[in-house]
Each structure stands twice: as C-alpha cells, then as structure tokens.
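K.L.:
Sequence first, predicted model second:
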Amino acid sequence: MTRKLIIAVVAVIFMRATADAAYQKSDVNNLRELLVDHFTGNRHHVTNPAGKKAAADFLVATLQSYGLQTLQYTINGENNYKGTNTFAFWPGRNTGTALDRPIMITADLDTDPDHPGRDDNGSGLAAVLEIARLITSQTCVQDNSIFFAVFDFEEPDDGSTTACTPGACGSDEFVRDIVESYIAFSKVDPAMWSGFISVDCMLNYNNSAMSQEIPHEDAFKQAPGLTDLYNSVKADNQRGNFLLVVYRSDGDASLHSKFQSHWDKEDNPQYKMLSPVMPYKNITDIVDAEQNPYWQVYEQVIKGDVHSFWKGNEDIPAIFLTDSGQLRHSEKDWGSRGPDDPIELTTDRLQFLKKTTDVITAVIRDMAGTREECRDPVAESPSGFQTGLKLSGELTLGPSIRSTYNLHIKSFTSSGIVMATLSNSSWTADFTGRYDGDTHLLMLHPVLDYRFPVFRPLYCGMTGNLEELSDGVLYSGQLNGDCGLTGEKFAYVTFVLYSGGPGGTSLAVAVILSLASGILVTALAAWCIIKRRRGYKGAETPLLKNEGKPL
C-alpha cells in the first residue's frame, strides 16, 4: 500500500511539472478577422502606400507579441522606391550550429496597383500570423530553427511606377543577404535544410464547373510533370476545388511527401490537393533561358517567391502553395475588380484556408522536431529565476582576459520566454530566448536590431545551464559566434554569472557543481528523446492567443 502511494505521489508531481503542449489547430474566426480587419485592401507602393505600411506594421507588432525575434527592414526597389521585408524567427536547440535543419514559411506583402489584397496575398499573410500564433503557443523547445518571412515587391510590373520589373525582388534579396550568410556561418549543407514553404493565394475555393483555367492548354497537357495534373483537372470538369502544391521531383520530394501525408490526415476531403511536378532541379534556369518548348507553361506555374528560392540555392528544398490566383474564377472576373472589391468570404473558402493553415503548421512542427510533451519551464527553473533577477560574474574574452558583466532578467514568462540585458560599464546588448525545462538550458540570442546585421541573432548564441544553489542562481556556459564582444566572427566566450551576494557560495564551487550537473542534463536529454519517440496525445483546446505572462 505504501509503495502504491509513493508511486501515485511521484506521478502527480511529474504531471504537475510537465507542460501539456497538445497541438492546437487554427481558429477560423482568427483567420476571418485578420482578413477583414487587416489584409483585404490594396497594398501598393503608389496607389495605397499607407495601407501597405499599416499591414506591414501590424505584421511586425503581432509577431513580436508572440515572442518571436522580429525585424522589419528596408529594401531598395527600382525608381527609388523603398520596400519593407519582415523577418522573424523562433530559435531551437540547434540554431546557429551545423545540426540545424531550418524550416521557413513565407508570404508576400504587396498587391498590384489596381486590385484588392484579400486572396492575393492577404490569405497568405493571415496564414503566416495564425501559424506563428500556433507555433509559439507551444512551451516545448523544438530542435530546429523556424523562420517566418514576408517579402515586399513580389508583384512584377513595368513603367515609371514599377519597383520590381521581374517580380520577387524582396525574396531575392532575402536569399542573398540572409539565407546564404546563415549557410556560410552554420556550415549546414543546404540540401539538409528542412526547406521553404512559400504561400501565395490560398483562399479561392470554387467547386463550380469550368472555374479553373488552364494556361497554354495545348502545351500544358504535354509538358513533362504536368500531364497528370492536367488529366485530373479535366476529369473533374475544371473545378477549382483544390490547392496546388508545386515541387521539383529532384530536391523537394521529401518535403512534398511530408505535406501530402499531413494533408491526407486532415478532415474535409472535399478540399483537394494536386501537385504540379517540376521535372528539372534547375527549372528556373530553364525558364529564364526561354528555350525549352514548355518554358512558358513552367513560368506560369512557378511565378512568385519560390522562383527566388530555387534560383538562389537550388539545393534547399522548397514547395509552393497556391490556389492558382487569377487562373481561378470567382463570383467576379479578376479584371473587373477594383481595389475595394475583394473576393467574398464564404464558409468553404475560410475552411479551405483553415485546412491549409493547419497542414502547414503540422509540417513545420514535424520538420522542426517539436514535441507534444515536455517539462514545464517554470516548474523546472530555479526558484529564484524570475523577472527582475540580476546576475554578475565574468566573461572570458581571451587568454587571461576576463571582464566583469551583469545579466538582468527583464522578464520570464510562463511559456519559458526570457528577455534579458547583458552589460558592463562600456557595453550593453538586449537578448531574448527560451528556457528549456527538459535540458535546464537557457538559450539566448541578441534582439534583432536595425543597427546590426539582420542575421546577427542567428550568428550569436548565449547558452548555458541554470542551476539553483543555496544562496542564488548560477548561469554558466558559452557565447558562440559573432556577438560583438571580441571583434571575431567565430568567437567562443565562456561565462559564469551568479546572483548570490558576498559571503555566499563561492563561484569556484558553483562552477564545479555546474559541470557535475552536466551529466544529469545529458541523461535528462536522452530521456526526453525516448519520450518523444513514444509520443503523447493530450486534449486539444483552442488557444486564441499566447498565454505566457510575466512571473
């Protein structure tokens, strides 16, 4: 009897210390409100610059409210027009290392000059924000980095008011300036990335016969990789009741297969998925050369930001999700729609967008290595680790070079998000990150700041163990990468920071205890991997906003 009682007590303690991170699904009311309130109108740099700025600012504010590292930065377009890209990331355990397998969801911000922006691409923007809400509502720290990006100047144009003649200028700059730089720093083989998911127009579900146009039909039905798609659409009387998921047979098959698997698991089978297959890994070179007999057909299928991804680094997997945009009819012809005449929000269209959003979220969680069950970060943290805590100690900047630094914990939320400031008498930097209840690691990165390279938070990590001692909290570990402390791009700076006052446990003893505890941390990490493989399924309840609050 006594043994059973002990087991029961231990089980209760374990349950209380475990975060129930049952996966949430998107909320159709959230999607509706995002579309109606923020992403319906025209967003063009000439015809409605104020509307475009308002949408971009709302994106940034919302992503930041979810605890994501977020930055809006300026890009240069043609004719002296300025655009804005938005980049946000949710760091994982492997961020900044060769083990990282980043997964990214992207959409575009702008519209053409004379049309509304609900389907193109307000639907993609709404999906990105809803996915961000769902991802950040999970307490468990995932393995790989999750990136969110929204690009300006995606729409092609010509004339004196154009900002980007070929289109996809914002994504092209992003690949050059951020993606390639992160690859060079982290040493991750591009083919090992989890990949990019590019979304553009995902709202227009139309089950009416002949609602789906087929461009260059005579060539389309013969083009390698497109014949099966053509036959499927024709057999269903050209109904626009499907999502197109475009991929290359060489390079993107694994990511596409993952998406297909999660799509098949979701409800509402009336919302179909069809997949144009690009039979060439270098499909963008073939389109740009304009020599292949089917190049115009392929160009029509891969318009948009996915062209930048495949062109910029053809080894990184990428898939393109779309309802086919102007090729799918709605209640009005596209050419007759003015800037204030958006596509109608029917139940089918919202449910179609919801299913797509849920599948993307599931793919991201899967590829990022997110677990459904983990140790609660608050229950696992030292009792003294809370908002307002101040730690002091030394950073080893080089051989025999030690400097005193202070770390101020500005906030610690119930979801494990930490905001902190690292400083000494002449240097200061804000950091943000997450506390991992499974490994007892506090992982911080510099806050995105326009004064520094956009990618510095990806290049600099401050990671160490948090330990509770008799008279304070110990944080010890390493700052790795370009953190701006030594002037080196690949510096390794050890640190020992402690909150105990004079007369307390010495730092020497604290360090010994910290190193000894590493064995336990490793064992706990192995235990978590076993638990992850076994799986866990808990109750699902809608989470309409992040519930993390300062402690």
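P.N.:
The structure has been received and is ready for your questions.
K.L.:
What count of nearby residues applies to Y73?
P.N.:
The number of residues packed near Y73 is 16, by other C-beta atoms under 10 Å. Glycine gets a C-beta too; all of them are placed from N, C-alpha and C.
K.L.:
so which helix or strand takes in it?
P.N.:
strand 69-76 (DSSP states H and E).
K.L.:
mind checking which helix or strand the closest residue to T284 other than its chain neighbours is in?
P.N.:
With sequence-adjacent residues excluded and distances taken as C-beta to C-beta, 6 or more residues apart in numbering, T284 is closest to K311, at 4.1 Å. Using DSSP H and E, K311 sits within helix 305-312.
K.L.:
And that helix, what does it pack against?
P.N.:
helix 169-174, strand 195-199, helix 283-289, strand 318-322 (3 or more C-beta pairs under 8 Å, 6 or more residues apart in numbering; DSSP states H and E).
K.L.:
Would you mind saying which of these lies nearest T227?
P.N.:
Comparison of these against T227 by C-beta to C-beta identifies helix 283-289 as nearest, at 16.3 Å.
K.L.:
Next secondary structure after the closest one?
P.N.:
Using DSSP H and E, the first helix or strand after helix 283-289 is helix 295-301.
K.L.:
Only the C-alpha atoms, please, for that next one, written as CSV.
P.N.:
Extracted in CSV, the C-alpha atoms of helix 295-301 (Å, rounded to 0.1, in the frame of the first residue of the first chain):
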residue,chain,number,x,y,z
TRP,A,295,9.2,27.2,-70.7
GLN,A,296,6.1,29.4,-70.8
VAL,A,297,4.0,26.8,-69.1
TYR,A,298,6.5,26.3,-66.3
GLU,A,299,6.9,30.0,-65.9
GLN,A,300,3.2,30.3,-65.3
VAL,A,301,3.3,27.6,-62.6
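K.L.:
Average pLDDT for that helix, rounded please.
P.N.:
Regarding helix 295-301, the rounded mean pLDDT is 97.
K.L.:
tell me which residues in that helix are buried?
P.N.:
295, 297-301 (16 or more other C-beta atoms under 10 Å).
K.L.:
With distance to P116 added, can I get these in JSON lines?
P.N.:
Shown next, in JSON lines, are the buried residues of helix 295-301 (distance: C-beta to C-beta, whole Å):
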{"residue": "W295", "distance to P116": "31"}
{"residue": "V297", "distance to P116": "28"}
{"residue": "Y298", "distance to P116": "28"}
{"residue": "E299", "distance to P116": "25"}
{"residue": "Q300", "distance to P116": "22"}
{"residue": "V301", "distance to P116": "24"}
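K.L.:
Pick the one among the residues you listed closest to H307.
P.N.:
Closest to H307, out of all of those and judged by C-beta to C-beta, is E299, at 8.8 Å.
K.L.:
Show the pLDDT at the closest residue to that closest one other than its chain neighbours.
P.N.:
Setting aside the residues directly before and after it, E299 is nearest to V287 in space (C-beta to C-beta, 6+ apart), at 4.7 Å. What the model reports for V287 is a pLDDT of 97.
K.L.:
Give me the nearest residue to K272, chain neighbours excluded.
P.N.:
Closest residue to K272 apart from its sequence neighbours, by C-beta to C-beta, 6+ apart: F242 at 3.9 Å.
K.L.:
that older thread, what separation do you get for the residue nearest to T284 and S171?
P.N.:
10 Å (C-beta to C-beta, to the nearest Å).
K.L.:
More neighbours: the two, which one.
P.N.:
S171 (29 against 19).
K.L.:
Next secondary structure after the strand of greatest length in the chain?
P.N.:
Taking DSSP state E as the assignment, the strand of the chain that covers the most residues is strand 401-412. Beyond strand 401-412 on the C-terminal side, the first helix or strand identified by DSSP H and E is strand 417-423.
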